[in-house]
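Participant: Quick one: sequence plus predicted model below, questions after.
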Amino acid sequence: MQEEYEEEEQVKEQHKPGEPGHTDWRKTPLADNIHYFMKWTFISVIIGVTVGVVGAVFGHGVILATRLWQQFHWTVFFMPVAGLLIVWLYQMGHEEKNRGTDLILESVSAHQEIPVITAPLIFVSSILSHAVSASAGREGAALQLGGALGNLTGKMMRLDERDRKIAIMCGMSACFSALFGTPLAAGVFSMEVVSIGIMYYAALVPCLFASFIGAAVSGRLGLVAEHYDIGLVPVFDFEGAALTVLLGILCAIVGIFLCQAMHKSGSLYRKYFPSPYWRILAGSGIFIVLTMIFRSRFYNGGGLHLIERCFEGETVPYYAFAIKILFTAVALGAGFKGGEIVPTLCVGATFGYTMAALLGMPSGLCTAVGMACLFVSVTNCPVSTIFMAFELFGFEGMPFFALGIAISFTLSGYYGLYHSQKFVYSKIRTEYIDRKSN
């Protein structure tokens, strides 16, 4: 017994804390995981609450601005004034070359710095754009607003560069979710949109926490989550699958056209109007003329009102999707602010609604599939798009959504709304390509 006791004492002496051979539990993988969880729970709560409040205020501002132009149609004639003010604000903030959402994506993938002033600039300029009925969305602005606030939070908490990237993605998720009410899709979208083929799983818990908190906060502050009743969903059989494949193919083509229209319009404006002031004045003039030609006001604003008409089965012109692309390219290419996501969903809804009559499918289902397919064709984010479809439309149409999204994602190639988006792996081969979107 004495010998055994002496041997145990020798072992303890050999394995004192801090000396070789001793396992300090604070340096084990379990301890690292606990530290990560506690740290990012705290940070994501702060970001979720802060961005949720700001997102709710921004959302209410957009709603009020939208009601303004819907009630007083003459506000469109103030586009030149609003446009000049937007350009002036960006020049005063020394952000006249700000690349919007592309800057946010590059802050995660390429170490670009997000100026603090990005948040107030996109906040004010987006509301101004909505007030004069520019064809612009709000979720693209949410990515910029949330990313800037997430980056600011990371700086204030003195996070290192890697952790600050996670904070930026948290902010993106929280603001997207706060405005649209799709926390699962928003939580995954910010991880998926930066590099296609690789997801930043280190941000999974923080982004989901911030996303659900942001949605809860904005809901408490009166923002209602988007949800649409798609009506009758037929049995998913061979005919339904074939028609869904066809719709996915056509949506991929429309998505490519939308991306090209957005990029070409900006290039044409810069070519013929080097000055940002003349650029936005020219865009305002073109937009006003288009509004006078198409007097219905279907194509002004983000497009949620047109989406609702599709789901309610009201009359929508068969060419509505093409005109909406034109209005959006004219407004955003000239320099008005907001985002492309809601207009994209509007294009998808109107195209799906038009195709429903030709394919003999329920209009609500085709509208929903069109929205999902257009979204994935321009963002290249299939996982978050599937989640978004479930949150917006319910689970009944799952096979139609999944098949259409897969087809449209694959066949849209390497086109996208965001030039800074990277395709790490090929869509059609198991090979590394590391290229940016067209």
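Facilitator: Noted; the coordinates are in hand. Numbering: from 1, shown residues only.
Participant: make it CA atoms for all contacts and neighbour counts henceforth
Facilitator: Will do.
Participant: Do a quick rundown of the strands in the stretch 1-150 of the chain.
Facilitator: Using DSSP state E, counting those that start in this stretch, no strands are assigned anywhere in the stretch 1-150 of the chain.
Participant: can you check the stretch 301-438 of the chain too?
Facilitator: Using DSSP E, counting those that start in this stretch, strands in the stretch 301-438 of the chain cover 422-425, 432-436.
Participant: what lines up beside the first one in the sheet?
Facilitator: Put plainly, it is strand 422-425. strand 195-196 (parallel), strand 432-436 (antiparallel) (DSSP bridges).
Participant: picking that back up, take the strands of the stretch 301-438 of the chain and lay them out in TSV including mean pLDDT.
Facilitator: Listed next are the strands of the stretch 301-438 of the chain as TSV, based on pLDDT from 0 to 100:
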stretch	mean pLDDT
strand 422-425	89
strand 432-436	86
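Participant: Now render the ones you listed as a markdown table, adding mean neighbour count and distance to Pro120.
Facilitator: Below are the strands of the stretch 301-438 of the chain laid out as a markdown table (neighbours: other C-alpha atoms under 10 Å; distance: least, C-alpha to C-alpha, whole Å):
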| stretch | mean neighbour count | distance to Pro120 |
| --- | --- | --- |
| strand 422-425 | 20 | 28 |
| strand 432-436 | 14 | 29 |
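Participant: possible to save the ones you listed as JSON lines with distance to His94?
Facilitator: Listed next are the strands of the stretch 301-438 of the chain as JSON lines, based on distance: least, C-alpha to C-alpha, whole Å:
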{"stretch": "strand 422-425", "distance to His94": "27"}
{"stretch": "strand 432-436", "distance to His94": "27"}
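Participant: just to revisit the earlier point, which among the strands paired with strand 422-425 is found nearest to Pro276?
Facilitator: strand 432-436 (26.2 Å; C-alpha to C-alpha).
Participant: Now stretch 280-297: buried residues?
Facilitator: Using 16 or more other C-alpha atoms under 10 Å as the test for burial, stretch 280-297 gives Ile280, Leu281, Ala282, Gly283, Ser284, Ile286, Phe287, Ile288, Leu290, Thr291, Arg297.
Participant: quick one on the thing from earlier: which one of the strands paired with strand 422-425 lies nearest to Ile407?
Facilitator: strand 195-196 (16.1 Å).
Participant: Is it possible to get CSV of the strands paired with strand 422-425 that adds distance to Leu365?
Facilitator: Shown next, in CSV, are the strands paired with strand 422-425 (distance: least, C-alpha to C-alpha, whole Å):
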stretch, distance to Leu365
strand 195-196, 28
strand 432-436, 33
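Participant: Which among those is found nearest to Gly397?
Facilitator: strand 195-196 (25.7 Å).
Participant: How far does the closest one sit from its chain's centre?
Facilitator: 14 Å (C-alpha atoms, centre = their mean, to the nearest Å).
Participant: What's the mean pLDDT across it?
Facilitator: Within the predicted structure, the mean pLDDT of strand 195-196 is 88.
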